[in-house]
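**Student:** Structure here, sequence nowhere to be found:
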């Protein structure tokens, strides 16, 4: 793990730390990719510069030129819940909704998804199709690159070691434009794309006057289906036109075979997804697969983490400045946790063992806690991030001897089997009911997409959450 953990209060301060530790420091915004890489030994940064407490970096805005701007701390859930993005950048909103699970979308940032630069990442194709650029800043200055210039290969970008993304910008879709995003995964949630596609069309009546089609997970970087784009110009989206466009789309790709699918399968599905995307745009049904009010697991908050108060902080393994946080309403200080995850600090230092470790990579949800009221995977949160924050764990749900209604419902419905996953399900359920007093059955299913039950006792869990929702609505 890291040796030094900085939490700056300004971009300039963050960039100074990056420059001063060049080659040994890594920026952290959400950390959902970086912590997995550290856990697996892919990266071993000595220094972490956590920018997640810098104010006003999580804003989504539209300027006077009709350009949408995403700050470097805008999360996937921010985009999925943004009216502006849903109306003027729907392919991106749809892609962000398809990323991970609610707890991951609450921490993972769009900027981080770009920096990771995996060809399977979901936000890159829609942003590429929308004509996006990134603005990079360092102590040496600022530069803006188009996506074609920024992405260099598999997990390779033009980002220098002392730079950070400070802005993602792209033209908002015009009234005569439509677009969508589709992905194929091996499961319905928390799936890495086998293939994904983003399509943006300009229309004059029923006729396409322009097209941008981007495909992911089919080449070292995202690719444009330029032959299909040229073919669609001037065409009405008839079944024959859509069929041929799908055939042309695969001429641009060079898929490989891996554990998620063969090259042949990817080629076939790239054509299929392209056709399905075009069909949905022709029929005006592209938004049907995205809920009008997505479940975020924001609880009673607006989904934006509060900025830090006071001076910048430094936590090191050698000199143990304490992590001071509030857990379940009680102020706590920890001197030996600066190099740990929040999960480990809760279990090893706070002696709160209700929060479980099931995967240590943000996929099972057993470690779900509330960070400043927002549901997160504590295995994907560095412990120093808790400094000055409020944490709620499974131990804090009951009021004395009175269990929380969600806990009562789990008991009455027999929703507990081995019990290992139960704390995570309870925290997700509590967050859902704080966010939405009368959740629908689909809302409940969405709320627990980040929680896995290895006993597969989902029906009882769903029944318990439905019963808790009924009690909550009274």
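**Tutor:** Looks like it came in fine. Model, not experiment: these values are computed from the prediction.
**Student:** just checking, residue 421 touches residue 451?
**Tutor:** Yes. Counting by CB atoms under 8 Å, residue 421 does reach residue 451; the two are 6.3 Å apart. All C-beta spots, glycine's among them, are computed from the backbone N, C-alpha and C.
**Student:** which residues are in contact with both of the two?
**Tutor:** By the contact definition CB atoms under 8 Å, 6 or more residues apart in numbering, residue 421 and residue 451 are jointly contacted by 364, 365, 366.
**Student:** Drop anything exposed from these.
**Tutor:** The neighbour-count test (16 or more other CB atoms under 10 Å) marks 364, 365, 366 as buried among those.
**Student:** Switch the residues you listed over to JSON lines; also include secondary structure, pLDDT and distance to residue 34.
**Tutor:** Shown next, in JSON lines, are those (DSSP: H, G, I helix; E, B strand; the rest coil; pLDDT from 0 to 100; distance: CB to CB, whole Å):
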{"residue": "364", "secondary structure": "coil", "pLDDT": "97", "distance to residue 34": "19"}
{"residue": "365", "secondary structure": "coil", "pLDDT": "98", "distance to residue 34": "20"}
{"residue": "366", "secondary structure": "coil", "pLDDT": "98", "distance to residue 34": "21"}
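**Student:** Residue 170 sits in which helix or strand?
**Tutor:** Using DSSP states H and E, the element containing residue 170 is strand 164-171.
**Student:** Tell me which other helices or strands that strand touches.
**Tutor:** Packing partners of strand 164-171 (3 or more CB pairs under 8 Å, 6 or more residues apart in numbering; DSSP states H and E): helix 11-20, strand 67-70, helix 110-116, strand 133-138.
**Student:** And the average pLDDT for the first one is what?
**Tutor:** The reference is to helix 11-20. When pLDDT is averaged over helix 11-20, the result is 98.
**Student:** Follow the chain on from it and name the next helix or strand.
**Tutor:** Downstream of helix 11-20, the next assigned helix or strand under DSSP H and E is strand 25-28.
**Student:** separation between the closest residue to residue 223 other than its chain neighbours and residue 47?
**Tutor:** Distance criterion CB to CB, 6 or more residues apart in numbering; nearest residue to residue 223, sequence neighbours excluded, is residue 252 at 4.9 Å. According to CB to CB, to the nearest Å, residue 252 stands 40 Å off from residue 47.
**Student:** Can you lay out the shared contacts of residue 421 and residue 451 as a markdown table showing distance to residue 222?
**Tutor:** Shown next, in a markdown table, are these (distance: CB to CB, whole Å):
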| residue | distance to residue 222 |
| --- | --- |
| 364 | 29 |
| 365 | 29 |
| 366 | 33 |
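**Student:** and the strand holding residue 170, which strands flank it?
**Tutor:** Sheet partners assigned to strand 164-171 using DSSP bridges are listed as strand 67-70 (antiparallel), strand 133-138 (antiparallel).
**Student:** what's the angle from that strand to helix 11-20?
**Tutor:** Relative orientation of strand 164-171 versus helix 11-20 (axes from the mean of the first three to the mean of the last three CA atoms, to 10 degrees): 120 degrees.
**Student:** ok, residues contacting strand 164-171?
**Tutor:** Looking at what lies outside strand 164-171 - CB under 8 Å, 6+ apart - the contacts are 11, 14-15, 18, 27, 51, 66-72, 74, 89, 110-111, 114-115, 127, 130-138, 142, 144, 159.
**Student:** domain assignment for this protein?
**Tutor:** Segmentation of the chain into domains, based on automatic domain parsing, reads 56-283, 318-473.
**Student:** Any chance of CSV for the ones you listed, columns distance to residue 306?
**Tutor:** Listed next are those as CSV, based on distance: least, CB to CB, whole Å:
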stretch, distance to residue 306
domain 56-283, 11
domain 318-473, 6
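**Student:** residue boundaries of the strands in the stretch 351-474 of the chain?
**Tutor:** For the stretch 351-474 of the chain, the strands defined by DSSP state E, counting those that start in this stretch cover 368-371, 374-377, 390-392.
**Student:** Quickly compare the ones you listed and say which is most buried.
**Tutor:** For the strands of the stretch 351-474 of the chain, the largest average neighbour count (mean count of other CB atoms under 10 Å) is found in strand 374-377, namely a mean of 30.
**Student:** Direction included, what does it pair against?
**Tutor:** Using DSSP bridges, the strands paired with strand 374-377 in its sheet are strand 368-371 (antiparallel).
**Student:** Let's have the strands of the stretch 351-474 of the chain in a markdown table, adding distance to residue 401 and mean pLDDT.
**Tutor:** Formatted as a markdown table, the strands of the stretch 351-474 of the chain follow (distance: least, CB to CB, whole Å; pLDDT from 0 to 100):
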| stretch | distance to residue 401 | mean pLDDT |
| --- | --- | --- |
| strand 368-371 | 22 | 99 |
| strand 374-377 | 26 | 99 |
| strand 390-392 | 19 | 99 |
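**Student:** Residue 68 is in contact with residue 85, isn't it?
**Tutor:** Yes. Using CB under 8 Å, residue 68 is in contact with residue 85, at 7.2 Å.
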